[in-house]
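[1] quick one: sequence plus predicted model below, questions after.
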Amino acid sequence: MNLTTYLQAGYPGLAIVSSEEARVEAEVAAVCADLERKLLAWSSTEGLVDTQEGRVTPCPDPLDALELLDTPFHTDTPRLVVLLRDLQLYLDQNDPQLLRRLKDSLRLAKGNGHTVLLLGCRLKLPPELKHEITVVDYQLPSPEELQVVLDGIIQSAELKRVSRELHESALQSALGLTTTEAENAFALSIIESKDIDPIIIAREKANTLKRSGLLEVIPATTGLGDIGGLLNLKEWLQGRIGAFHTRAVEYGLPAPKGLLIVGLPGTGKSLTAKATAGAFGLPLLRLDMGRVFGGVVGQSEANLRSVIATAEAIAPCVLWIDEIEKGFSGSKSSGSTDGGTSSRVFGSFLSWMQEKDKPVFVVATANDVAQLPPEFLRKGRFDEMFFVDLPGEAERRQIWEIVIRRYGRTPADFDCTALAKACEQFTGAEIEAVFIDALHEAFAAEREPTEQDITAAMAHTVPLAKLMDGRIEALRQWAKGRTREAGNTTPSRSRPARHIDPGAN
Ligand SMILES: Nc1ncnc2c1ncn2[C@@H]1O[C@H](COP(=O)(O)OP(=O)(O)O)[C@@H](O)[C@H]1O
Ligand SMILES: [Mg+2]
């Protein structure tokens with residue numbers, strides 16, 4: 001936690017957003033002890049507690065607690081850290097007196113060498129305080145911290161020997177949870193299976209993250225073999241499979257940052273994102289960017305922070321942001337609509353992308369680049385940007401084979417070359433839909449699907465590409481020079497150019 005740095009630098013107003021009160025407070029107490037600061041913790045029910053001496057002063061009004069900051073510190077009165085719990089509930093009421101008092105206190109605190117620290121599960125500062133209070137990033141528990149929780153649970157459940165491997169994979173499964181959530185997951189595992197079961201713990205984590213509405217753990221069941229075509233893209237991924245291993249880290253290899261995949265709907269972008277996690281052997285987290293921005297105004301910054309904290313705790317992992325333009329489409333016009341929140345949050349996301357040192361591999365997909373802010377496409381954010389075009393004939397053939405196999409049939413029973421020829425302009429998703437249609441026909445007639453079923457289904461499918469011809473051309477033009485081609489329908493000898501700063505346009 002960078003609380004130490006902020007305290008040393010004399011910041012008068014800090015805030016920590018976390019629902020783990022006990023853990024945060026223990027850590028704050030440790031930092032204060034280190035820096036020889038006196039920690040006074042206030043809550044409306046307990047009043048003011050001197051955490052070192054255990055002395056309690058009744059003080060139901062936060063205004064009275066703030067008064068403490070008015071006293072200058074001397075050599076014999078230490079610098080204070082006044083921790084205020086749930087002050088948000090008071091701030092929500094927009095009480096002018098409290099706001100004014102807080103601003104006064106912060107100014108005095110700066111002069112007096114004290115600090116106000118807000119702690120709560122959410123933070124939505126009124127404009128009056130936006131620039132007065134700095135949010136301290138708070139990380140989720142490390143494996144070592146979770147280990148303490150796990151050992152405690154194992155002890156209290158009087159479990160017999162728990163093997164080292166089991167222990168490790170239980171911790172691995174719990175990464176990304178708060179201590180309380182991890183404790184619950186461990187306990188549930190013991191109740192359900194009378195043992196520590198990493199699968200149950202992982203399932204509980206998936207449920208917990210899903211409830212937050214921002215992140216979802218997706219089982220990574222597909223691999224690169226499930227993707228037809230996209231040869232360049234698959235090769236690129238193939239070349240980075242080992243990059244997250246400890247060996248790569250020891251070698252000094254920087255962890256790959258991520259990938260942006262742009263292309264028409266149905267061309268296999270989402271499929272590739274999922275297959276990336278499968279190929280890398282990493283957990284897959286899907287982020288709903290729309291939800292990060294879509295929530296209560298003011299909450300989006302906290303949302304993003306929480307997403308980053310979770311992904312970094314689970315790292316190495318793949319963070320998949322599907323149809324990213326949907327989340328960011330507001331950030332262009334945001335200045336007038338939401339007081340600049342989206343562009344600020346968007347800015348923090350970009351700087352995280354650029355500076356992150358934790359191995360979180362971001363795979364973003366986009367159907368419509370026109371909605372993406374140009375800063376996003378600037379060099380340095382992603383390792384590479386790929387453009388997925390409509391599949392060529394050879395690629396369509398591969399997709400047919402994969403799709404036929406996916407539905408439990410044998411590609412050799414069909415003339416895949418003829419099928420590939422017959423479906424020009426079809427995307428992978430459309431090929432799959434046609435095959436499913438044919439399966440339905442055949443099932444109704446109580447037989448196996450035939451090429452005729454497939455051809456018939458094809459005949460009444462109008463590929464999307466036909467309907468949006470103009471848009472495809474525009475996208476291709478845009479992609480030229482800025483992105484690499486994901487497929488290689490036109491094999492080139494030399495390595496295609498890396499993306500160019502579109503800002504120069
Ligand atoms: N290149 C491909 N290879 C194999 N299957 C594909 C391919 N492209 C699309 N599909 C099939 O179509 C489905 C939808 O594709 P998807 O990845 O969601 O497209 P996008 O995200 O580009 O809109 C996939 O789940 C897969 O079954
Ligand atoms: Mg998709």
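    Arrived safely. Ligands and ions are numbered 1, 2, ... in the order given.

[2] can you check the pLDDT for residue 372?
    Note on residue 372: pLDDT of 81.

[3] show the backbone phi and psi for it.
    phi -90, psi 130 (degrees, to the nearest 10).

[4] again, but for residue 417
    Torsion angles, degrees, to the nearest 10, at residue 417: phi -60, psi -50.

[5] ok, residue 416 next?
    phi -70, psi -30.

[6] right, and it touches residue 404 too?
    Yes. Using Cβ atoms under 8 Å, residue 416 is in contact with residue 404, at 7.5 Å. Where you see a C-beta, it was placed from the backbone N, CA and C, and this is true even at glycine.

[7] those two: who's more crowded?
    When neighbours are counted by other Cβ atoms under 10 Å, residue 416 and residue 404 differ, and residue 404 comes out ahead with 22 against 19.

[8] which of the helices or strands spans the more buried one?
    Taking DSSP states H and E as the criterion, residue 404 maps to helix 393-406.

[9] show the pLDDT at residue 491.
    At residue 491, pLDDT is 43.

[10] before we move on, back to that, off-centre distance for the helix holding residue 404?
    Helix 393-406 sits 32 Å away from the centroid of its parent chain (Cα atoms, centre = their mean, to the nearest Å).

[11] quick check, it touching ligand 1?
    Yes. With Cβ under 6 Å from any ligand atom as the criterion, ligand 1 is reached by helix 393-406 at 399, 402.

[12] what comes up buried for that helix?
    The neighbour-count check on helix 393-406 (16 or more other Cβ atoms under 10 Å) flags 394-404 as buried.

[13] also stretch 347-367?
    In stretch 347-367, counting by 16+ other Cβ under 10 Å, buried: 349-350, 352-353, 356, 359-367.

[14] out of those residues, which sit inside helices?
    Among these, the members found in helices (DSSP state H) are 349-350, 352-353.

[15] ligand 1 contacts on the stretch 401-505 of the chain?
    Residues of the stretch 401-505 of the chain lying near ligand 1 by Cβ under 6 Å from any ligand atom: 402, 428-429, 432.

[16] give me phi/psi at the residue of the stretch 351-500 of the chain at minimum distance from ligand 1?
    Residue nearest to ligand 1 within the stretch 351-500 of the chain: residue 428 (2.1 Å; Cβ to the nearest ligand atom). The phi/psi pair for residue 428 (degrees, to the nearest 10) reads phi -60, psi -40.

[17] okay, now it: neighbour count?
    26.

[18] per-residue pLDDT, it?
    Residue 428 is assigned a predicted lDDT (pLDDT) of 97.

[19] which residues sit in contact with it?
    By Cβ atoms under 8 Å, 6 or more residues apart in numbering, the residues touching residue 428 are 228-229, 266-268, 271, 391, 399, 403.

[20] farthest-apart pair in these, please.
    267 and 403 (13.8 Å; Cβ to Cβ).

[21] now residue 85: closest residue in space, sequence neighbours ignored.
    Using Cβ to Cβ, 6 or more residues apart in numbering and skipping the chain neighbours, the partner closest in space to residue 85 is residue 43 (4.3 Å).

[22] residues near the one you found, how many?
    By other Cβ under 10 Å, neighbour count at residue 43 equals 19.

[23] dihedrals phi and psi, it?
    phi -140, psi 160.

[24] that one and residue 87 touch, don't they?
    No. Contact criterion Cβ under 8 Å: residue 43 and residue 87 do not qualify, at 9.7 Å.

[25] now the residue of the stretch 251-400 of the chain found nearest ligand 1: how far from residue 224?
    The minimum distance from the stretch 251-400 of the chain to ligand 1, using Cβ to the nearest ligand atom, falls at residue 268 (2.8 Å). Per Cβ to Cβ, to the nearest Å, residue 268 is found 11 Å from residue 224.
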